[in-house]
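Chemist: pasted the sequence and its predicted model underneath.
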Amino acid sequence: MMRWLLSDSVRLGRIGRALGALTLIAVLTLVNQKPPVVEGLDPWFLRLSIALALTALIAANIRALGLLPRAAQIWAVWVELFLGLMAFFWSFDLSFAFIARKIGFLITQGVAMTLYISALSILIATAIALVGAVAKLSRNGVIYGLASFYTSLFRGLPLLMQIYIIYLGLPQVGYVIGAVPAGVMALSLCYGAYMTEIFRAGIEGIPRGQTEGATALGLSPAQSMVLVILPQAMRIIIPPTGNQFIAMLKDSSLVSVVGVWELMYLARTQGQTEFRHIEMLITASMIYWLLSIGLEYAQGRIEARFGRAHVR
Amino acid sequence: MSADPLVTLTDVRKSFGAFVALSDITLTVARGERVVICGPSGSGKSTLIRCINGLEPYQEGRITVGGRLLGLEDDLVRREVGMVFQSFNLFPHLTILGNCMLAPEWVQGKSRAEAEATARRYLDRVGILDQAGKYPAQLSGGQQQRVAIARALCMAPRLMLFDEPTSALDPEMVKEVLDVMTDLAREGMTMICVTHEMGFAQAVADRVVFMDRGRIVEEAPPAAFFSAPQSPRAQEFLAQLLH
């Protein structure tokens, strides 16, 4: 039996597809939470019919996609999934008039503040990471101790907690701090700790011979780092740093808890006035997504630039 | 010994933890002298040469180059001492020209134009000027090592250290590097070379230093060393080389 099954890959493929289709039908039948009610028809019969129709649609779709070249397949999958997502949002019966009325303010105030906080924080975090990475590679125990305590603490506490502690805690010791500086400080310190590890790994990834070559030529340790090691480490550092920036863009929404008028805060408060929460949350989500796509694109361009010298 | 020493090592001792890498090293190299250091692997040849420009610290004794003490004036020594490594250690993110201009610009404070003129002169000397705009990865091993030599020469060193410069090369590329080194020796450069190229040692060296287990076992002119080595270890080593 097994031999017969395995003897013919075409036959095996058919059996696999049939099993897949049956599984899909079963799953779709069971998970359908809101089957339409039609008088005189068994609800389970309706569920099964819908599942069959959907499975046929999916099978036809997969077959059609198989005929396309790779690039077109990628586009088609994106468009289909995007339409599916839009259909999901459509099911909320959103008020587009409300969104149109508020979106201008969401962008001019919310997006501007979100980008301002994120960009400032990533700049400070990068500076912290550079110093932190060099400190973590130091042979001096005091310096290493300081750096490792810093990364351990700020990677170990939830970012939300750090925001509260800085905003509410610093006034206790006499420093009254605004909501925006507190948010930037928390984001910078937290992401600086993560990026310290990224930078350290990037610097350590460069062979020791590079430092020795630079040292033998008479370059100082600082010159070796800036002129020889870091430009090479950038190739290793940039991809994960890009990810950190994208993550920070969204984590900046946590700053809304201390009342900064960024995208998340506005999405919550603007929706409240007319009980249109979901409109604002979905709109803000889509804006975050768009911003992330923009950053991903920028990241790709920068990576290509730094990879240049290594093309043979 | 010459009356005009450039490099002196006096009772140098170095250890990595419990392992003694160098002991009782006393050696003088005169201005214009060519010294080849050889010996079995693990004998301390590379460690010794790396101590002379401060890449490795040493624990006892003293090393001076041009009267400057290693361990105290390393920065000043490195400006006057060029080093060529087994693994080239070219900077992959810079062009050949960029590799040669970096130290003259940043360490000697030359202008861009000056540094470029110097770089082009030495790249021409090692026969690689036509590759100046390429990146190291685009060159063969032999070409890369010649660039490394040119890069060191751009600093106008008084002493050149070679740490097994041909050991990482394919056999057909060894000659082009040795030729450059031979030319350099003929022009009167003071050189200390760790190498297994006995032909080069015989043709170029004024003196061969044989090391074993962190000590200098024998020092002799190449003719004497290769025809009649005194110590049993050197005899054994040379016998193995012949096979």
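Modeler: Received it, and whenever you're ready, just let me know what you need.

Chemist: where do the helices sit along the stretch 51-200 of chain A?
Modeler: Remark: helices assigned in the stretch 51-200 of chain A by DSSP state H, counting those that start in this stretch are A:70-90, A:96-105, A:112-136, A:141-156, A:159-164, A:179-204.

Chemist: in chain B, which residue sits closest to chain A?
Modeler: B:Asn89 (3.3 Å; Cβ to the nearest Cβ). Where C-beta positions appear, they are placed from N, C-alpha and C, glycine not excepted.

Chemist: please name the residues that touch residue 47.
Modeler: Picking chain A for this. Going by Cβ atoms under 8 Å, 6 or more residues apart in numbering or on different chains, A:Arg47 touches A:29, A:32, A:35.

Chemist: wait, chain B
Modeler: Neighbours of B:Thr47 in contact, by Cβ under 8 Å, 6+ apart: B:14, B:21-22, B:56, B:214.

Chemist: least trustworthy helix or strand in the chain by mean pLDDT?
Modeler: Here I'm looking at chain A. The weakest-scoring helix or strand in chain A, judged by mean pLDDT, DSSP states H and E, is helix A:2-6 (a mean of 63).

Chemist: sketch out the low-pLDDT regions of chain B for me.
Modeler: B:1-3, B:242-243 (pLDDT under 70).

Chemist: tell me where it has helices.
Modeler: Ranges of helices within chain B are B:45-52, B:74-80, B:96-106, B:112-125, B:141-153, B:171-186, B:198-204, B:222-227, B:232-242, based on DSSP state H.

Chemist: extract the CA atoms of the first one and return them as CSV.
Modeler: Extracted in CSV, the C-alpha atoms of helix B:45-52 (Å, rounded to 0.1, in the frame of the first residue of the first chain):
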residue,chain,number,x,y,z
LYS,B,45,58.8,33.9,16.1
SER,B,46,55.5,35.8,15.5
THR,B,47,55.2,36.8,19.1
LEU,B,48,58.7,38.2,19.0
ILE,B,49,58.1,40.3,15.9
ARG,B,50,54.8,41.5,17.2
CYS,B,51,56.5,42.7,20.4
ILE,B,52,58.7,45.0,18.3
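
Chemist: gap between that helix and the chain center?
Modeler: Its chain's C-alpha centre and that of helix B:45-52 lie 9 Å apart, by Cα atoms, centre = their mean, to the nearest Å.

Chemist: cool, the fifth one as well?
Modeler: With Cα atoms, centre = their mean as the basis, the distance from the averaged C-alpha position of helix B:141-153 to the chain average is 12 Å.

Chemist: still on that earlier bit, show me which pair in the contacts of B:Thr47 is furthest apart.
Modeler: Greatest spatial distance among those (Cβ to Cβ): B:Glu56 and B:Gly214, at 12.7 Å.

Chemist: which of these two has more residues huddled nearby?
Modeler: B:Gly214 (22 against 17; other Cβ atoms under 10 Å in any protein chain shown).

Chemist: any idea how far B:Cys38 is from the residue nearest to that one when sequence neighbours are not counted?
Modeler: Of all residues not flanking B:Gly214 in the chain, B:Gly44 sits nearest, at 4.3 Å (Cβ to Cβ, 6 or more residues apart in numbering or on different chains). The spacing between B:Gly44 and B:Cys38, counted by Cβ to Cβ, to the nearest Å, is 12 Å.

Chemist: list the residues that contact both of the two?
Modeler: With Cβ under 8 Å, 6+ apart as the test, B:Gly44 and B:Cys38 both reach B:Met211.

Chemist: neighbours of A:Leu146, just the number please.
Modeler: 15.

Chemist: pLDDT at it, what is it?
Modeler: pLDDT for A:Leu146: 96.

Chemist: A:Arg308 too?
Modeler: Reported pLDDT for A:Arg308: 60.

Chemist: same check on A:Ser7?
Modeler: 65.

Chemist: likewise for the one 4 residues further on?
Modeler: With respect to pLDDT, A:Arg11 has a value of 77.

Chemist: and if you look at A:Lys34?
Modeler: A:Lys34 is given a pLDDT of 75.

Chemist: give me the neighbour count for residue 84.
Modeler: Since no chain was named, I'll use chain A. 9.

Chemist: that's the wrong chain, I meant chain B
Modeler: 27.

Chemist: B:Val7 too?
Modeler: For B:Val7, using other Cβ under 10 Å, the count is 24.

Chemist: do A:Val173 as well
Modeler: Using other Cβ under 10 Å, A:Val173 has 6 neighbouring residues.

Chemist: likewise for B:Gly71?
Modeler: The local packing of B:Gly71 (other Cβ under 10 Å) involves 15 other residues.

Chemist: what residues does residue 57 make contact with?
Modeler: Let's take chain A. Contacts of A:Leu57 (Cβ under 8 Å, 6+ apart): none.

Chemist: my bad, chain B
Modeler: B:Pro57 makes contacts with B:14, B:51, B:71, as judged by Cβ under 8 Å, 6+ apart.

Chemist: what distance do you get for it to A:Met264?
Modeler: 55 Å.

Chemist: what do you get for A:Trp75?
Modeler: Remark: distance between A:Trp75 and A:Met264 (Cβ to Cβ) = 31 Å.

Chemist: what's the burial count for the closest residue to A:Val260 other than its chain neighbours?
Modeler: Leaving out its chain neighbours, the residue that sits closest to A:Val260 by Cβ to Cβ, 6+ apart is A:Ala179, at 4.8 Å. If you count neighbours by other Cβ under 10 Å, A:Ala179 ends up with 18.

Chemist: mind listing what A:Ala179 touches?
Modeler: By Cβ under 8 Å, 6+ apart, the neighbours of A:Ala179 are A:167, A:255, A:258-260.

Chemist: again, 10 Å this time
Modeler: Contacts for A:Ala179 (Cβ atoms under 10 Å, 6 or more residues apart in numbering or on different chains) come out as A:163, A:167, A:255-262, A:265.

Chemist: narrow those to those in helices?
Modeler: Mapping the contacts of A:Ala179 onto helices (DSSP H) picks out A:163, A:265.

Chemist: list only buried entries from the contacts of A:Ala179.
Modeler: A:163, A:167, A:255-256, A:258, A:260-262, A:265 (16 or more other Cβ atoms under 10 Å in any protein chain shown).

Chemist: can you redo those as TSV with distance to B:Phe162 and pLDDT?
Modeler: Converted to TSV, the buried ones among the contacts of A:Ala179 look like this (distance: Cβ to Cβ, whole Å; pLDDT from 0 to 100):
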residue	distance to B:Phe162	pLDDT
A:Ile163	58	93
A:Tyr167	61	93
A:Val255	59	89
A:Ser256	63	89
A:Val258	63	87
A:Val260	62	87
A:Trp261	66	88
A:Glu262	61	89
A:Tyr265	65	90
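
Chemist: next, format these as TSV and append distance to B:Ala30.
Modeler: Shown next, in TSV, are the buried ones among the contacts of A:Ala179 (distance: Cβ to Cβ, whole Å):
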residue	distance to B:Ala30
A:Ile163	69
A:Tyr167	71
A:Val255	70
A:Ser256	75
A:Val258	73
A:Val260	73
A:Trp261	77
A:Glu262	72
A:Tyr265	77
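
Chemist: any idea which helix or strand carries A:Ile236?
Modeler: Using DSSP states H and E, A:Ile236 sits in helix A:230-251.

Chemist: export that helix as CSV, just CAs?
Modeler: The C-alpha coordinates for helix A:230-251 follow below in CSV (Å, rounded to 0.1, in the frame of the first residue of the first chain):
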residue,chain,number,x,y,z
LEU,A,230,32.7,50.9,12.4
PRO,A,231,32.4,51.4,8.6
GLN,A,232,32.7,47.6,8.3
ALA,A,233,30.5,46.9,11.3
MET,A,234,27.8,49.0,9.7
ARG,A,235,26.9,46.2,7.3
ILE,A,236,26.2,44.0,10.3
ILE,A,237,24.6,46.7,12.4
ILE,A,238,22.2,48.3,9.9
PRO,A,239,19.6,45.5,9.3
PRO,A,240,18.8,44.9,13.0
THR,A,241,19.0,48.6,13.7
GLY,A,242,16.4,49.2,11.0
ASN,A,243,14.2,46.6,12.7
GLN,A,244,14.7,48.4,16.0
PHE,A,245,13.7,51.7,14.4
ILE,A,246,10.5,50.1,13.1
ALA,A,247,9.8,48.6,16.5
MET,A,248,10.4,51.9,18.2
LEU,A,249,8.0,53.7,15.8
LYS,A,250,5.3,51.5,17.2
ASP,A,251,6.5,51.4,20.8
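
Chemist: brilliant, that's me finished.
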